[in-house]
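Colleague: Sharing a sequence plus its predicted fold:
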Amino acid sequence: MVEALAVSPALVAFITLFLSFLFVAGAVSLLQDRLDETLVCLTYRPRSECEHRMSGFIQKSGLSILKVRTHFLRNGTLWTGRVTLHSPWGQEQTFSRSIDSRFSKNFR
């Protein structure tokens with residue numbers, strides 16, 4: 001009986017860690033897809049509208065608890081987007097994408 005009580009907190013901690021890892025992995029996948037969509041949006045819509053859509057998605061999906069920060073930069077015809085998120089265990093993960101607006105007609 002005492003051994004079962006000693007295992008339970010360790011099992012709960014492991015399950016919690018595993019579920020938080022799955023949550024962060026899913027969040028990264030969602031944010032990468034949304035970053036691609038936002039970059040395509042930036043090639044033919046106003047910047048404020050596209051950034052508003054991105055921040056709205058982050059709020060509605062609940063990803064705001066990961067302290068997601070976005071940054072978009074235009075250099076000529078090249079748009080670059082960077083997303084930074086903080087995992088529940090304190091690590092920071094950053095990923096970026098770029099798209100050339102001259103070639104974005106295929107995405108519209």
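Modeller: Received it, and whenever you're ready, just let me know what you need.

Colleague: how about the helices in this protein?
Modeller: Assigned by DSSP state H, the chain shows helices spanning 2-42, 47-61.

Colleague: Which one of these lies nearest to residue 70?
Modeller: In terms of Cβ to Cβ, the element of the helices of the chain nearest to residue 70 is helix 47-61, at 5.8 Å. Yep, even glycine has a C-beta here, placed from its N, CA and C like the rest.

Colleague: What is the least confident helix or strand in this structure?
Modeller: helix 2-42 (a mean of 80; mean pLDDT, DSSP states H and E).

Colleague: tell me the centre residue of the chain?
Modeller: Centroid check for the chain by Cα atoms, centre = their mean gives residue 31 as the closest residue, at 3.0 Å.

Colleague: ok, it - contacts?
Modeller: If you count contacts by Cβ atoms under 8 Å, 6 or more residues apart in numbering, residue 31 has them with 58, 63, 68, 83, 85, 95.

Colleague: I figured the third one hits residue 92, correct?
Modeller: In other words, residue 68. No. Taking contacts as Cβ atoms under 8 Å, residue 68 lies outside contact range of residue 92: 11.0 Å.

Colleague: who touches both of these two?
Modeller: 84, 85.

Colleague: Have a look at these two and say which one is more surrounded.
Modeller: residue 68 (19 against 10; other Cβ atoms under 10 Å).

Colleague: contacting residues for the residue nearest to residue 49 when sequence neighbours are not counted?
Modeller: Once flanking residues are discounted, residue 49 sits nearest to residue 41: 7.4 Å by Cβ to Cβ, 6 or more residues apart in numbering. By Cβ under 8 Å, 6+ apart, the residues touching residue 41 are 49, 50, 53.

Colleague: wait, which of those residues is closest to residue 22?
Modeller: For these, the nearest to residue 22 is residue 53 (25.9 Å; Cβ to Cβ).

Colleague: Could you count how many residues lie near the closest one?
Modeller: Look at residue 53: counted by other Cβ under 10 Å, it has 15 neighbours.
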